[in-house]
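1. below is the sequence, then the predicted model.
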Amino acid sequence: MIWTRKDLLGLEELTREEIEFILSTAESFKEVSTRDIKKVPALRGKTVVNLFYEPSTRTRVSFEVAAKRLSADVINIATETSSVKKGETLIDTGMNIQALKADIIVMRHNYSGAAVMLARHVDISVVNAGDGWHEHPTQALLDMFTLKEKLGRIEGLNVTIVGDIAHSRVARSNIWGLTKLGAKVTVCAPKILIPVGIDKMGVFVTDDIDAALTKADAVNVLRMQFERDDGNVFPQQLEYFKKFGITKDRLLKAKKNIIVMHPGPLNRGIEISSEVADGQNSVILEQVTNGIAVRMAVLFLVAQARDSKNANTN
Amino acid sequence: MRILIKNGHLIDPINKIDAIMDILIENSKISQVAKEINSKADKVIDAKGKFVAPGLIDMHVHLREPGREDKETIATGTLAALKGGITTVLAMPNTSPAIDSSENVRMVENIIKKTANANVLICAAITKGRLGEELTDAAKLKKAGVVALTDDGSSVADEKLLLGAFKQAKKEKMLLICHSEDKKISGNGVINLGAVSTRLGLRGIPRESEHATVKRDIELARQAKSAVHIAHVSCAESVKIIAEAKKKGAAVTAETAPHYFSLHEEGLFDYDTNLKMNPPLRTESDIAAIKEGLKKGIIDAIASDHAPHTENEKDIEFDRAEFGVIGLETELAVSITELVQTGILSWAQLIEKLSVNPARILGVDRGNLKAGSTADLIIFSGDQEWVVKKEELISKSKNSPFLNRKLEGVIEYTLLGGKIVYEGNV
């Protein structure tokens, strides 16, 4: 297929074929990171701007490494040091980056929909690196990439997502991506963290983690974001661990080869025990490695789509 | 000055006229309505194939002046009203300063006298500064010419205080308009709570926030034996509660806004801040309930809740954007398109919702075309199509949820006190 989207804003809008195309493109990029000289010239002469309105180390670094392995020039803008602090609007910031003749904006934003809005206003590519509670498409893509690598397929898998579903963009993007590719998704959380109408996204809902694990081929353990608590909705941390934490005992009752994923950073002893995080079912560090390949694929595809679009209009 | 309007389809529900009639205007008054009038006139308008109706009365309009003249002024807002066929507006008091004293009423009245292009009725605040802490002086406000009281934009959370407000309103024979919202429930929500807010990752506003407060407000009015008007009804439960209260004989009236019977929360998929308002857009079944409520007379009036905001306040992240949409210029056409062309309301019922009932609720002598009445009237085509274009909006702000929509119904003339004050492309 030919990739035509200049932006990657979320997985909701993608077709199954498009998602599969990103994953297969990522497969070919994965090898680059195993070379002595970890670089290909695919984006030589392109400028990628990482625009981060929320503190993030892992996603930002992953995008930066991905862009550099594609030979792009990378600029990092963190809001603490930018004119955003002086009250510049998101659109103005985007227009200014465009005026610098950058090619891709990779944006992390604390408000849902910010990437959608930015993409409406700029002609250059926008890659959503997480917007509010809405979507985090590259995280879900790397989760799926890892699953496919480990189990050979997505179709027909039982995947359980456990944790703060209500406030999780990782959960939403995973739900869209996995269901489009034919997996059966179960979300599991304390009732208060299950958002209204999540079942309409095509998932099973439960607050019983042991039941949610019995059939699961994989479990994606979300970070409990206690720093986001905007009311007294979060259960006590230890109580959470007792009821929902992924522990060795719990895994004993699950499938022997269940894959354990986590988008990081880990809260050891809160949503996951150290034994599990470091154990043989865990693919957490492989996810980090695969994140590079997936983000290389995404940056490559959106840049290419924009180049061919410009070529057509010229 | 004599203006003769010939061959128009006259809709005058108060006088039970729904037929082709001629109408003669002399100076500021309607002087004759008859099957055929052949007297001489300075201007003859052939209204063949058009409707002639009383000027519309919009009982929920934020004109923003004084304080936020960058969003709208009394001059620009009333000009936009005329284009929409609205000859009388009720101006909301959430200006800066709030209209909470007779001095502030006089200040607004001065601006109205100097700059208004349509009739502007003044609504004052229920509480000082709209802070929900201390009641304004209803007697003094009434004397200053205020026709109704509301803290619109906020509810009066304190029940004792609101009960006192109803008692005052009853005593002064003033209308109390309730913006029914429980802020403790709606919190930081930005759209309707449900599958859509979940999908978009936006904080939801539970429907209880509205309907539980509608219920409370009606109950407090009952205790005070006062009338109450419920503003911007948006959800099915509210319609049901109002229906039950009316059945029991409560003195309750209600309005809804065009966006609540025409737009659906699903439209928010791309985070269009022009669809952000409070109360929020709801679901298919709410739209159906609002339409049913209008049809059955449970909802008495359609009012725009015209809420202008600058692009700086709208063209930003959804969470940060202001609540509210403009509506003066699209109110009639959206109502025709969604309610009349679909067979939910007759033309006469439409004019009841947009003119007759608001006049009755506010106690103003408008909304009828009887000889001797003030000649506030409109001539409009019922089925002419047009597309809402941002650059053609007269309102100072452009935050319409109907941009680029095709609508039916175009105002051709608006007459205010016998003068042609707006002429469309005829």
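-> Done, it's in. Only a predicted model underlies this, so the values are computations on that prediction, with no experimental measurement involved.
2. tell me the contacts of the closest residue to B:Gly204 other than its chain neighbours?
-> The shortest distance from B:Gly204 to any non-neighbouring residue, by C-beta to C-beta, 6 or more residues apart in numbering or on different chains, is to B:Leu193 (2.6 Å). Placement of C-beta: from N, CA and C, glycine included. B:Leu193 makes contact with A:196, B:204-207, according to C-beta atoms under 8 Å, 6 or more residues apart in numbering or on different chains.
3. same check on B:Thr213?
-> Each residue near B:Thr213 by C-beta under 8 Å, 6+ apart is listed here: B:155, B:178, B:180-182.
4. where does the nearest residue to it once chain neighbours are set aside sit: helix, strand or coil?
-> Leaving aside its chain neighbours, B:Thr213 sits nearest to B:Ser180 (3.8 Å; criterion: C-beta to C-beta, 6+ apart). Three-state call for B:Ser180 (DSSP: H, G, I helix; E, B strand; the rest coil): coil.
5. which residues touch the nearest residue to B:Asp270 once chain neighbours are set aside?
-> Among residues not flanking B:Asp270 along the chain, A:Val116 sits closest, at 5.8 Å (C-beta to C-beta, 6+ apart). By C-beta under 8 Å, 6+ apart, the contact list for A:Val116 reads A:9-10, A:131, B:270-271.
6. now secondary structure too, for the residues you listed, in CSV please.
-> Shown next, in CSV, are these (three-state DSSP):
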residue, secondary structure
A:Leu9, coil
A:Gly10, coil
A:Asp131, strand
B:Asp270, helix
B:Tyr271, coil
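7. the residues you listed: which two are farthest apart?
-> A:Asp131 and B:Asp270 (12.8 Å; C-beta to C-beta).
8. who's in contact with B:Thr88?
-> B:55-58, B:118-121, B:358-359, B:364, B:366, B:376.
9. nope, B:Leu90 is what I meant
-> By C-beta under 8 Å, 6+ apart, the neighbours of B:Leu90 are B:57-61, B:121-123, B:147-148, B:303, B:358, B:362.
10. the residues you listed in helices, which ones?
-> Among these, DSSP state H puts B:358, B:362 in helices.
11. contacts with chain A among the contacts of B:Leu90, please.
-> Residues of the contacts of B:Leu90 in contact with chain A (C-beta under 8 Å from any C-beta of the partner chain): none.
12. residue numbers of the stretch 51-200 of chain B in contact with chain A?
-> B:188, B:193-200.
13. which two among those are spaced furthest apart?
-> So, these by C-beta to C-beta: farthest apart are B:Asn188 and B:Ala195, at 19.3 Å.
14. which one's more surrounded, these two?
-> Counted by other C-beta atoms under 10 Å in any protein chain shown, B:Asn188 and B:Ala195 do not tie: B:Ala195 has more neighbours, with 19 against 11.
15. got the phi and psi for the more buried one?
-> Main-chain dihedrals, B:Ala195, degrees, to the nearest 10: phi -60, psi -30.
16. select the longest helix from chain A.
-> Max-length helix for chain A by DSSP H is helix A:284-313.
17. about what we covered before: how about a markdown table for the residues of the stretch 51-200 of chain B next to chain A, with pLDDT and secondary structure added?
-> A markdown table is the format used below for these (pLDDT from 0 to 100; DSSP: H, G, I helix; E, B strand; the rest coil):
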| residue | pLDDT | secondary structure |
| --- | --- | --- |
| B:Asn188 | 96 | coil |
| B:Leu193 | 98 | coil |
| B:Gly194 | 97 | coil |
| B:Ala195 | 97 | helix |
| B:Val196 | 98 | helix |
| B:Ser197 | 98 | helix |
| B:Thr198 | 98 | helix |
| B:Arg199 | 98 | helix |
| B:Leu200 | 98 | helix |
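18. which of those residues lies closest to chain A?
-> The closest of these to chain A turns out to be B:Ala195 (C-beta to the nearest C-beta; 3.0 Å).
19. what residues sit buried inside stretch B:55-73?
-> Buried residues in stretch B:55-73, defined by neighbour count with 16 or more other C-beta atoms under 10 Å in any protein chain shown: B:55-66, B:68-69, B:71-73.
20. mind listing which of these are in strands?
-> B:56-61 (DSSP state E).
21. is it possible to export the residues you listed to a markdown table including pLDDT?
-> Putting these into a markdown table (pLDDT from 0 to 100) gives the following:
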| residue | pLDDT |
| --- | --- |
| B:Leu56 | 98 |
| B:Ile57 | 98 |
| B:Asp58 | 98 |
| B:Met59 | 98 |
| B:His60 | 98 |
| B:Val61 | 98 |
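22. quick one: distance of the helix-or-strand element of chain A with minimal mean pLDDT to the chain centre.
-> Here the helix or strand of chain A ranked lowest by mean pLDDT, DSSP states H and E is helix A:237-244, holding a mean of 90. Remark: helix A:237-244 is offset 25 Å from the chain centroid, using C-alpha atoms, centre = their mean, to the nearest Å.
23. quick check: mean pLDDT across the next helix or strand after it?
-> Moving toward the C-terminus from helix A:237-244, the next helix or strand (DSSP states H and E) is helix A:248-252. In this model, helix A:248-252 has a mean pLDDT of 96.
24. what of stretch A:162-175?
-> 97.
25. so where's chain A uncertain?
-> Within chain A, the segments meeting pLDDT under 70 span A:80-86, A:226-235, A:313-314.
26. which residues of it lie near chain B?
-> Chain A comes close to chain B at residues A:12, A:89-91, A:109, A:111-114, A:116-117, A:120, A:131-135, A:169, A:172, A:195-198, A:200-201, A:230, as judged by C-beta under 8 Å from any C-beta.
27. among the residues you listed, name the buried ones.
-> Of the residues of chain A next to chain B, these count as buried by 16+ other C-beta under 10 Å: A:12, A:90-91, A:109, A:111-114, A:116-117, A:120, A:131-135, A:169, A:172, A:195, A:198, A:201.
28. filter these down to just the ones in helices.
-> Going by DSSP H, the helices hold A:90-91, A:114, A:116-117, A:120, A:169, A:172 from these.
29. now do the strands in chain A.
-> Under the criterion DSSP E, chain A contains strands at A:47-52, A:73-78, A:104-109, A:125-131, A:158-162, A:184-188, A:204-206, A:218-221, A:259-261.
30. and the contacts of the third one?
-> By C-beta under 8 Å, 6+ apart, the list of residues contacting strand A:104-109 from outside reads A:46-54, A:56, A:59-60, A:63, A:67, A:72, A:90, A:94, A:97, A:114-115, A:118, A:122, A:124-132, A:299, A:302-303, B:317.
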